[in-house]
Every structure is written in C-alpha cells, then in structure tokens.
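> let me see the structure of the following:
(chains A and B, ligands or ions: 2)
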Amino acid sequence: MFNKDSWQEIFETISKNKLRTFLSGFTVALGIFIFVILFGFGNGLKNSFQEFFMDDATNVIRVFPGRTSKPYQGFESGRAIEFRNDDLAAIKDNFRFQVQYITPRITRNTTVKYKNNSNNYGLRAVAPAHAAAEKTIMMKGRFINQLDVINKTKYAVIGRLVEIDLFESEDALEKFVNIGNRSYKVVGVFQDDGGDNEERFVYIPYTTNQLVEKNTDKLDQLIIGFNPAIGYEGSLLFEEKLLRFLKEKHHVKPSDPKAINSRNIADQMNKNQQFGTALQWIVTFVGLGTLIAGVIGISNIMVFVVKERTKELGVRKAIGATPRAVTLMILQESIFITTAAGYIGLFTGIFILKTLGTSLAEDYFIKNPYISIGTAIFATITLIFFGAIAGYVPARKAARIKPIEALRSK
Amino acid sequence: MIKIKGLHKSYRIGKNSLHVLKGINFNVEEGEMVAIMGSSGSGKSTLLNIIGMLDVADEGEYTLDNIEIKDLDETKAAKYRNRFLGFIFQSFNLINYKTALENVELPLYYQKVPRKERQEKATQYLAKVGLTDWIKHLPSELSGGQKQRVAIARAMAAEPKVLLADEPTGALDSTTSNEVMQLIQEINDEGKTILVVTHENDIANMCKRIVQLKDGVIIEDKIVEQVRALAHV
Ligand SMILES: Nc1ncnc2c1ncn2[C@@H]1O[C@H](COP(=O)(O)OP(=O)(O)OP(=O)(O)O)[C@@H](O)[C@H]1O
Ligand SMILES: [Mg+2]
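Ligands and ions are numbered 1, 2, ... in the order given. Model prediction:
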C-alpha cells in the first residue's frame, strides 16, 4: 500500500482537512520547538556558567585581611590585620611544596590620563604571578616582571578597553600615561575572557605602589596558586594550615572568624560543577517532560481524529477498504504530519537559537544557546515514533469496527 | 444469483436478545429487481445488510453468485463487497470532503485501478447519471437528488453483480424520487440484479417482484407488473 497512489490519496485527505492537519501538526511542531528552545537555553546557561569560572585559574586561594573580633595575647579585639612583604616570603618558606606561586594584590581606584583623555579605573598593584592567577592574556608588550618589582619601576600594563578609551586609535605601547599624577610607561596591553570589567584594569608593580604610598610595605590581599598535584582535598587542608599559620604570625586567636578570611576557588569550583550537573539534569528533565506532553498531545488528537472519521471509515469499508488499508491510511497520515511538523518545529527552534546567539548573555546569562543535532534528531524521531503509535492504536480499533456500526455512527 | 436458506439474526441489547430474522428463505435470480417491504422494525435493513456483508447472520446459508459466504473475516468481506456489491443508502453516505468525481473514484481506488483509468471511468458513470457538469462539486454543493445520483454512480463504478438500495428515495421528494427510480430501473434494464428496501408502495411497484417481511419471516412473495418511473412525471 506504500505506493504513489496511496500517498496521493493521503495528500488529498490532508490538504482537504486543513484544520485537522493543522491541529495535529501544530502540537508536534510546538512540542519539538519548545524542546529545542529549552534544551538550547539550558546549554546556553551552561556556556555562560563555564565562562564565569573558567576565566580565572582554579588552583587559587585568596586570603584577605580583616579585623579581629576576639582579644588575644594582650591585643584588644577590633584590631586591623595588615599583611606585609615578609608574609610573602614566610608563606613561601613554610609551604614550599604546596605553593606554586604567590602574589599580593593592592587595589586602588585611580584616574588615568593620556593627553586630553582621562578616566577612572581600578588599579592593581601586583607581582608577576598575578597574570597566572587571573589568566591574563597579553595582546601586546609584556606583563609586570620580577625586575620591575625589584627596581620599583614606573611601568604599567593596561587593559584592552583602557587603551581604547584613552588612546582611541593610537598604539599605547611605550607611551606615557599619568596615573595618580605620576607618569608611567605602558609596557603591555592585556585582554581577559572574564568580560568587559576585567579589561578596565591597570596593573603596576606592587613595590612601586608601596613606594608611592610613603614607602610602606603593606599588602592588601594575597593570592596563592597552589600546586595542582595536591588535589581538591589537599587544597582544603592547605587552606586550613595556611590560615592557622597566618593567624599565629599576626597574633590572632585561632578561633577568630573575622580577622583573616580566605576563599578557595577550587572549593567554589567544586560546588559550581555540582550546580552545573544539577542544571543539566533539570534541562534534561524539562526536555523529556515537554516530549512526553507532546506525545500525549498527539495521542489525544489522533483519538479525536479517528473518532471524528468513524463514519467516513465505515463508508470506505462498505465500498471495499480492507482493515489493513484503513489502518495504513491513518498511520501514513499521522506519520506524514508528525514528520513534516516535527521538522518545521526543529528548524524553527534551531533557527531561533542561532539568531539569539549572545543577545541574552548580558541579562539572562544564556550565551550561544545550542542543541546538538543528535539530541534534536533524537527528539524528533521520538515524537514521530510515538506519533505513529498514537495513530496506530485508534486506527486499528477503527479498522476493526464492523462497517455497519461505523456507518451508524454520527 | 442470491440463495438464502434458514437465515437467523438476533441483536443483543443488554441482557435481552431481540430475534429479528427468524428463518428467511429467499432466492434472487440474475437481472431481477426485488422490493423488500414491511413495517418499521420488521428487519428489512438487517436482511439487506447481511446480504451486503456489512453484518453477519447468526445462522443459515448464503450463496452469492455461486460463492458460499461463510466464516467471513473483515478483509475477505471487504474484498467481496468491493467486487460484487454496490450500495445505495438513504443518507447517501458520500465523503463530504471529496468531490463527486473523487467519491465515485473511491471503489476503483480500492480495486487498485490506476488513477487515470479511474478518473475516466468515474467521469463516464457520472455522465450516465446526468452529472457531467457537477463532477468537481462537493456533496455540500449538491441537492439531495444529485447526491443520490452520485451515490448511484459510485455504486455502479465498481461494476458490481448486485446493487443494494436501502430506502434510496427515503430522503427525497416525490419528483426526485421518480428520477432516482428511473435511473435504477435503467440500470436494471441493462441486466443488473437490484434489491430495494422500501416501505412505499409506489416505489415497490416500480420493481418486478415484492417480498413482504413481517415478524422476521417472509409472509408474501409476488411478481408484479413493473410501473415505469417515467409515467409519473
Ligand atoms: N445494531 C442493533 N442493535 C440492536 N437492535 C437493533 C440493531 N439494529 C436493528 N435493531 C433492531 O432490530 C429490529 C429490525 O431493525 P431493522 O433496521 O432491520 O428494521 P427495518 O425493517 O429496516 O426498519 P425501518 O423501516 O425502520 O428501517 C428493530 O427492532 C431494531 O430496533
Ligand atoms: Mg431500515
């Protein structure tokens, strides 16, 4: 029966029953469309998510000085803790195996001027290792190096957007900018995958900043890259030991929760990965739910369609349609409609995902939503398959009704 | 052409059983035109449906064109209906989304006649019932008489051995009834065997033989002088 003639008969039936065709087709197209969009959005969320946490190195522990909240060893509570240069060396000496690199980060807000352009930027006074912790990518020139730190040079490394803001179309390299009323030479321009904000910073050697600030040896934050070989568990242990060591060195009660704080990126990363996995499950779950709803939708429509056609099927049988011919007709019809509608839904969905691209990235954290062709085709085939079953069950039932009963129905 | 012996049929309604046909014995020769009469509920349609293999008897023998009809499965019944029988119903039973031409083509489609040949044949039969100008129209655009004529063309297109008509004029006014009966008489003139269920004496008298049903048995079976439908116009 799968010949040209039976297809022609089906096309006629389909084209002459537009509303019915539209209703069943619409359900399928909508089901697939929603599935593609949801799945795509889920993937987009995951994309943004990965980007958030991949722009920095993950084997990093940050330590922040705070104020004591408990009196200890004769010191009153409320004392401000300050890290100093000797802390850097002490940490390196005491944790030789664990520490891969260490850098301070002194953060200031400052005005940077070049010719007639000036703007406010975040200033970070750091050591060379900072580039590794932030995964800073050099576009041109170089980052702060060890010689700069030793010689307290007035060199600056500026972000891509700082160059665009201040230099417009000029090349910033080797030019002098005015930072906090002192002149610095630009030795490098960097970019960062962390987004626009990360590209509006200016780096200078931390020793230079200390010199400028009345020759102090204060450091703000310490950023420590630990040896990845110690693993996630090892990093938690190291973090604990490091805090104990620093508390002791700065005369802080070991149980004081406020004086010295730390953040272990690896720990965050671990939680984030769990969140990412949960997100994936939710997306899969919602996707499957949509598919099931779609399948139920088609089943209902097919039952309705066949019921509505009972009399017509009776007429067909009276003039010679065999049960097989009746079943095949309905089956072919439903497969044709679900396939065609399925592809319409599929391609509309994919097209919309493609069009969206990064437009939802800023406000909704959905970046480059996509659905793999495999998943999309799997979904479409699932729907076609269940659509066929959904059509087959009532079709066979209709084919079995005695023609006289079918003719009597209205 | 048709041989029926000891035919019984009951309907089950809930727990009760309604014995409708109680031993029908009845033969029809080729080329006859038989009216089946009887009061409402006497079992006329039931008998015709069994002859038409739309329904099955509980008991009895039935031979159609020397083929014994028994142990029918639906597929076999469909094939017999398609090859041997043409139906005309009171309510026409045309497929409403198909044009007159497509309706007439349908039995040929199930006979697997190629499309082109199908269309030619269907056009020819529609011409025969005088609907050449209406072949592209949907049933909803046709009058009752026209619809019945499409149904007759459809029944004839399959070139059946027997034409079965259940109250073919039941939904028509008297003028249209005459036109339809004239058509049926002409088909009979060409030698086709025809059974017409009716409760109108006028219609019955246009046949060549009248069978009276009452309480599930045949109480009268007589040959009559055929009244030509034309005479009434
Ligand atoms: N499918 C059915 N189920 C139950 N009872 C039925 C069924 N079909 C017919 N009957 C009953 O069987 C009896 C005979 O019905 P049938 O349709 O053969 O009568 P009829 O002679 O054609 O009557 P009418 O002139 O009204 O058409 C009626 O009493 C009817 O109610
Ligand atoms: Mg009846």
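
> what kind of secondary structure is the residue nearest the centre of chain B in?
In chain B, the residue lying closest to the centroid (Cα atoms, centre = their mean) is B:Leu164, at 1.7 Å. Three-state call for B:Leu164 (DSSP: H, G, I helix; E, B strand; the rest coil): strand.

> could you dump the top helix by length along chain B to PDB, C-alpha only?
Longest helix in chain B by number of residues (criterion: DSSP state H): helix B:174-189. Extracted C-alpha coordinates of helix B:174-189, given in PDB (Å, rounded to 0.1, in the frame of the first residue of the first chain):
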ATOM      1  CA  SER B 174     -41.600  12.600  -5.000                       C
ATOM      2  CA  THR B 175     -40.300  14.200  -8.200                       C
ATOM      3  CA  THR B 176     -36.600  13.500  -7.300                       C
ATOM      4  CA  SER B 177     -37.700  10.000  -6.100                       C
ATOM      5  CA  ASN B 178     -39.000   9.300  -9.600                       C
ATOM      6  CA  GLU B 179     -35.800  10.500 -11.200                       C
ATOM      7  CA  VAL B 180     -33.800   8.300  -9.000                       C
ATOM      8  CA  MET B 181     -36.100   5.300  -9.500                       C
ATOM      9  CA  GLN B 182     -35.900   5.800 -13.200                       C
ATOM     10  CA  LEU B 183     -32.200   5.600 -13.000                       C
ATOM     11  CA  ILE B 184     -32.300   2.400 -11.000                       C
ATOM     12  CA  GLN B 185     -34.800   0.900 -13.500                       C
ATOM     13  CA  GLU B 186     -32.500   1.800 -16.300                       C
ATOM     14  CA  ILE B 187     -29.600   0.000 -14.600                       C
ATOM     15  CA  ASN B 188     -31.800  -3.000 -14.100                       C
ATOM     16  CA  ASP B 189     -32.800  -2.900 -17.800                       C
END
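
> would you map the helices across chain B?
B:44-51, B:74-84, B:100-110, B:115-128, B:144-157, B:174-189, B:201-205.

> would you mind giving those as CSV with distance to ligand 1 added?
For the C-beta atoms, the positions are set from N, CA and C on the backbone; glycine is no exception. Below are the helices of chain B laid out as CSV (distance: least, Cβ to the nearest ligand atom, whole Å):
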stretch, distance to ligand 1
helix B:44-51, 3
helix B:74-84, 17
helix B:100-110, 24
helix B:115-128, 28
helix B:144-157, 17
helix B:174-189, 16
helix B:201-205, 13
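
> for A:Ala266, find the nearest of those helices.
helix B:74-84 (71.1 Å; Cβ to Cβ).

> what about the closest one and chain A, any contact?
Yes. Judged by Cβ under 8 Å from any Cβ of the partner chain, helix B:74-84 and chain A are in contact via B:Glu74, B:Thr75, B:Ala77, B:Ala78, B:Lys79, B:Arg81, B:Asn82, B:Arg83.

> rewinding a little: give the other helices and strands that the longest helix of chain B contacts.
strand B:33-37, helix B:144-157, strand B:162-166, strand B:193-197, helix B:201-205 (3 or more Cβ pairs under 8 Å, 6 or more residues apart in numbering or on different chains; DSSP states H and E).

> just the buried positions in that helix, please.
B:Thr176, B:Ser177, B:Asn178, B:Glu179, B:Val180, B:Met181, B:Gln182, B:Leu183, B:Ile184, B:Gln185, B:Ile187, B:Asn188 (16 or more other Cβ atoms under 10 Å in any protein chain shown).

> what secondary structure does whichever residue of chain A sits closest to chain B sit in?
Taking Cβ to the nearest Cβ, chain B has its nearest neighbour within chain A at A:Gly320, 2.6 Å off. State at A:Gly320, reduced to three classes by three-state DSSP: coil.

> which ones are touching the spatially closest residue to it that is not a sequence neighbour?
Of all residues not flanking A:Gly320 in the chain, B:Asn82 sits nearest, at 2.6 Å (Cβ to Cβ, 6 or more residues apart in numbering or on different chains). Contact analysis of B:Asn82 by Cβ atoms under 8 Å, 6 or more residues apart in numbering or on different chains lists A:Ile319, A:Gly320, B:Pro107, B:Tyr110, B:Gln111, B:Ala158.
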